[in-house]
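K.L.:
My questions are about this predicted structure, shown below with the sequence.
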Amino acid sequence: MTLKNPLKIHWLILGFFAVVILLEYTTPADYVFGYLYTVPILLAHPRLNRMITLQVTVSACLLTLLNLVFPLAEINNSATVANRIIVVFALIVTGWLSDRTRRYEEAISQQQAQLQAHQKLASVREDFASTLTHDLKTPLLGAIEMLKSFQNRQFGDINSTQEKILDMMLRSHQSSLQLVQTLLDVYRNDTEGLKLNLEPINLVEIAEEAIATLTNLAETRRIYFNLSYQDSNFRRYLWVKGDQLQLQRVFSNLLINGINHSPRGGRVEVILESEAHFQVVKIWDQGLGITPEELPNLFERFYQGNSDRQAKGSGLGLYLTRQIIEAHGGIIWAENKIPNGAMFCFRLPALAQG
């Protein structure tokens, strides 16, 4: 049973004092009962304030020493005096330890309160970001459809200059929509976990589809793709058990990252390797590489880095890519490639062929 009523605690402490005083002052000074004062000290520590705990400790020490001269004023032997001094020292240590424990408990309580406040604030922020990104999708989709209608000349003819402007606006809105969708997916994955629709997947086919989809984007920046199979140019099959849609996003994110960080006229190399128990994909760009300080943080949420690599993104694409790869039981990493550029790699468990 836990005692919480301060008045009951006061009476209980006084009762312990009365019992110990009775034992102390009705027996010779050679019999030391002052150790029992530790009970009221420990009772006062968690339930009463620091001043009362200090008063209880001081009173216990004084009463223990007072028994040397009261009720009989006699010269006690040195052993009795030493015993009572040791008891006083023990009571002081008990009071000091109780006070230090109280301060530790108060500090822990404050830290827990701050942590709960931060967690609540983080939850509110994430809810706000999730709601905002979800609501932003509707007007973006409407704007994209309207721009497509203009491009299809549903509202009349347009000249070449207007067509270029509409095309630029459409790409800008589609990029914004992709960013909003990525942000929404990141928050959903963090809160609900990534749900996968697993089936046998050939990574070669996904890589080829991603390259075909992004070829036009790469050509506008004069970037060229090259797909190879380790040390061979013969087409292979790299089977894994995965979610096709999510793995397509992984390839797209890494290829776009390679396009963004390669110089004009450069090349993005896609290397597919098959190991005994794993399938490995490496995407090598010809950019400026990654500084050692950035390498540990590349796949953290919203991390953009401080290097001289050309493009700056939202810091979400690589984080989402890591979420997808880890949900598949794989690992993802980045390294610098000699003589130049950076290489982003991931490894997935190979699907056992029956």
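P.N.:
Nice, I can see it.
K.L.:
Tell me, domain by domain, which residues of this structure belong where.
P.N.:
1-193, 199-349 (automatic domain parsing).
K.L.:
avg pLDDT for the longest one?
P.N.:
Yep, that's domain 1-193 we're talking about. Along domain 1-193, the predicted confidence averages to a pLDDT of 80.
K.L.:
who touches stretch 165-172?
P.N.:
For stretch 165-172, contacts defined as CB atoms under 8 Å, 6 or more residues apart in numbering pick out 144, 147, 148, 150, 151, 158. All C-beta atoms are positioned from the backbone trio N, CA, C, and that covers glycine.
K.L.:
Can you select the buried ones among these for me in ChimeraX?
P.N.:
Filtering the contacts of stretch 165-172 down to the buried ones (16 or more other CB atoms under 10 Å) takes a single ChimeraX command:
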select :144,147,150
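K.L.:
among the contacts of stretch 165-172, which are in helices?
P.N.:
For the contacts of stretch 165-172, membership in helices holds for 144, 147, 148, 150, 151, with DSSP state H as the criterion.
K.L.:
The residues you listed into JSON lines, with extra columns for distance to residue 46?
P.N.:
Putting these into JSON lines (distance: CB to CB, whole Å) gives the following:
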{"residue": "144", "distance to residue 46": "63"}
{"residue": "147", "distance to residue 46": "68"}
{"residue": "148", "distance to residue 46": "70"}
{"residue": "150", "distance to residue 46": "73"}
{"residue": "151", "distance to residue 46": "74"}
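K.L.:
just the contacts of stretch 165-172 now: which is nearest residue 341?
P.N.:
Closest approach to residue 341 among the contacts of stretch 165-172 (CB to CB): residue 144, at 33.9 Å.
K.L.:
now the closest one: how far from residue 193?
P.N.:
30 Å (CB to CB, to the nearest Å).
K.L.:
try residue 346
P.N.:
In this view, residue 346 and residue 193 are 19 Å apart by CB to CB.
K.L.:
Same check on residue 177?
P.N.:
Distance check for residue 177 against residue 193: by CB to CB, it reads 24 Å.
K.L.:
cool, and residue 61?
P.N.:
Counting by CB to CB, the gap from residue 61 to residue 193 is 59 Å.
K.L.:
Looking at residue 346 and residue 193, which is more packed in?
P.N.:
Between residue 346 and residue 193, counted using other CB atoms under 10 Å, the more crowded position is residue 346 (26 against 10).
K.L.:
returning to that earlier point: could you identify which of the domains of the chain is most buried?
P.N.:
Comparing the domains of the chain on average neighbours per residue, with mean count of other CB atoms under 10 Å, the densest one is domain 199-349 at a mean of 17.
K.L.:
what's the span of that domain from first residue to last?
P.N.:
End-to-end distance of domain 199-349: 13 Å, with CA to CA, to the nearest Å as the criterion.
K.L.:
So residue 227 lies in a strand, does it not?
P.N.:
Yes. According to DSSP: H, G, I helix; E, B strand; the rest coil, residue 227 belongs to a strand.
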